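*Asks:* Structural data only, the sequence is not supplied:
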């Protein structure tokens, strides 16, 4: 069992490590990446976008959790009301 695992995982990890080593030189030529030249304004707006993304993500996931908890409570109350315990 360990032989099959190592035959599949080790080569995949080696390929991933190779790609990670080559990626910086492949994506930048003279300091210009795929986006173009980055200055303070670009970095600032990206950071603001990142902050907004995580704030929206937490809000949406919290709303989903609230709805699921309410659904669970309603189901529990219905089961108690009908006598199925």
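*Replies:* Okay, I see it. This one's a predicted model, so the numbers in the text were calculated from it and none came from an experiment. Numbers count the residues shown, from 1 in each chain.

*Asks:* can you pull out the helices in this protein?
*Replies:* 2-27, 40-82 (DSSP state H).

*Asks:* list the helices and strands the first one packs on?
*Replies:* Using 3 or more C-beta pairs under 8 Å, 6 or more residues apart in numbering; DSSP states H and E, no helix or strand is in contact with helix 2-27. For every residue, glycine as well, the C-beta is placed using N, CA and C.

*Asks:* quick one: average pLDDT of it?
*Replies:* The average pLDDT for helix 2-27 rounds to 80.

*Asks:* Stretch 41-48 too?
*Replies:* For stretch 41-48, the per-residue pLDDT averages 93.

*Asks:* contacts for that stretch?
*Replies:* residue 35 (C-beta atoms under 8 Å, 6 or more residues apart in numbering).

*Asks:* Go through it and flag the buried ones.
*Replies:* Within stretch 41-48, no residue counts as buried by 16 or more other C-beta atoms under 10 Å.

*Asks:* Make 13 the starting number, not 1.
*Replies:* I'll keep to 13 as the first residue from here, and by that count the last item is stretch 53-60.

*Asks:* For stretch 49-61, what is the distance to the chain centroid?
*Replies:* 21 Å (C-alpha atoms, centre = their mean, to the nearest Å).

*Asks:* Stretch 53-68 too?
*Replies:* The answer for stretch 53-68 is 15 Å, by C-alpha atoms, centre = their mean.

*Asks:* Run a quick neighbour tally on residue 49.
*Replies:* Residue 49: 9 surrounding residues under other C-beta atoms under 10 Å.
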